[in-house]
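Sequence plus predicted model, see below.
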Amino acid sequence: MKSQDNNHKVTSLQDIAKKLGVSVTLVSLVLNGKAKQSRISDKIAEKVLLMAKELNYRPNQLARGLRTGKTNTIAFIMADISNIFFARMARVVEDEAEKYGYKVMFGSSDENPVKLERMLNMFLERKVEGFIISPTLGSLKLIRQLKEKNIPFVLIDRFFRNLDTNYVVVDNFDASYKAVSHLTKFGYKKIGTLSIFPELTQMNDRLNGYKDALSDAGIRFENKYVGKVDFENFRESVYENVRKLLMPPYNIRALYFQTCIMGIVGLECIREMKFRVPLDVAVVSFDDPAEYKLFETPVTAIKQPIDEIGLKAVNILVDELKSKSSGLQKVVLPTRFMVRRSCGNLRYG
């Protein structure tokens, strides 16, 4: 009886060559599409291809890449793989890349520029041809080096204002402005917000949208009403900031969460404090995960076009890899404001 290991043996070039009684070099030339230029007859080439199919041969992309410089592989480096936004986009990126014949390697920098650099180097060693990257704070130098080396890449979610690159983002300022303006129209004057990494472009734009919406409603901006969340101690920091804003002396009665992860944890804290949404505190949030529709009071949220971001990022990168791009592509997509009961309007479901 054959062992299970033998049944699952990976077919090699040597296996094909041995079966046909030809050299490994000949098999390699045929499978790499170089039969004609190497003056290998069509009959022999056809036999090699049929035997490769019969033995279920699968090429080693890394080994082929070392020989040809082409691995048909791209990398997607996310800022935080635990974030619902990136997790969902990973599937879109993988499916779209496959349509063009590319495999995707994934990594998460965990918002750490040192880890991002390590991942970039690792993927480059594996001959990855291009990158889709959500850059971390402090990674400008790394991204500039990619550009200087003419390595194709597309930034998503955030970008650098002083560096010309391909990017796909949403209009964070406009989305934030509309969300907070919605609260002011319901008569809320003390509106707090939770932010994280305000130095990043997308978070900075969200904070500025919040500020301008207050200003246009005649409400003075108070820095003390901005809760700054610590990424390293995320859950504890969200709880601490929510409690501080809702309790005296602040007594905030409307909260704007600038990410859905802060929103989900923040709503847990609100529930534990026995505050009712929206009767005691109104809530709006950036991002719109499925969980928001399942809360007892469905959450008013800013819905990002996650699928479209992923699709456009892949398309831009593939265009550059295939030399079809006529220049840098800077894409800013609109969001949708999903009004539900948590914002204080009980007419909405």
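Perfect, thanks for sending it.

In what element of secondary structure is T71 found?
When secondary structure is defined by DSSP states H and E, T71 falls outside every helix and strand.

State the number of residues packed around it.
19 (other Cβ atoms under 10 Å). Using the backbone N, CA and C atoms, a C-beta is placed for each residue, glycine as well.

Need the three-state assignment for F106.
The assignment at F106 comes out as strand when based on DSSP: H, G, I helix; E, B strand; the rest coil.

How about it, nearest residue that isn't a chain neighbour?
With sequence-adjacent residues excluded and distances taken as Cβ to Cβ, 6 or more residues apart in numbering, F106 is closest to F76, at 5.4 Å.

which residues does the one you found contact?
F76 makes contact with A90, V93, E94, V104, M105, F106, G107, F131, I132, I133, according to Cβ atoms under 8 Å, 6 or more residues apart in numbering.

try 7 Å
When contacts are counted by Cβ atoms under 7 Å, 6 or more residues apart in numbering, F76 is found next to A90, V93, V104, F106, I132.

Show me the beta-bridge partners of it.
With DSSP bridges applied, the residues forming beta bridges to F76 are F106, I132.

Roughly how far does it sit from N204?
Per Cβ to Cβ, to the nearest Å, F76 is found 24 Å from N204.

Any chance you could list what contacts stretch 41-49?
The contact list for stretch 41-49 (Cβ under 7 Å, 6+ apart) reads I16, L20, V27, V30, L31, A35.

quick check, nearest of those residues to F286?
Within those, distances to F286 taken as Cβ to Cβ reach their minimum at L31, with 49.4 Å.

helix/strand/coil for the nearest residue to the closest one once chain neighbours are set aside?
For L31, ignoring the flanking residues on the chain, the nearest one in space by Cβ to Cβ, 6+ apart is A52 at 6.3 Å. Here A52 is recorded as helix under three-state DSSP.

how near is G344 to V331?
When distance is defined by Cβ to Cβ, G344 is 34 Å away from V331.

Who has more neighbours out of these two?
Comparing G344 with V331 by neighbour count (other Cβ under 10 Å), the higher total belongs to G344, at 22 against 17.

thinking that one is in contact with D280, fair?
No. If you go by Cβ atoms under 7 Å, G344 and D280 don't touch, sitting 10.6 Å apart.

Just confirm T335 contacts E308, I think it does.
No. With contacts counted by Cβ under 7 Å, T335 stays clear of E308, the gap being 10.7 Å.
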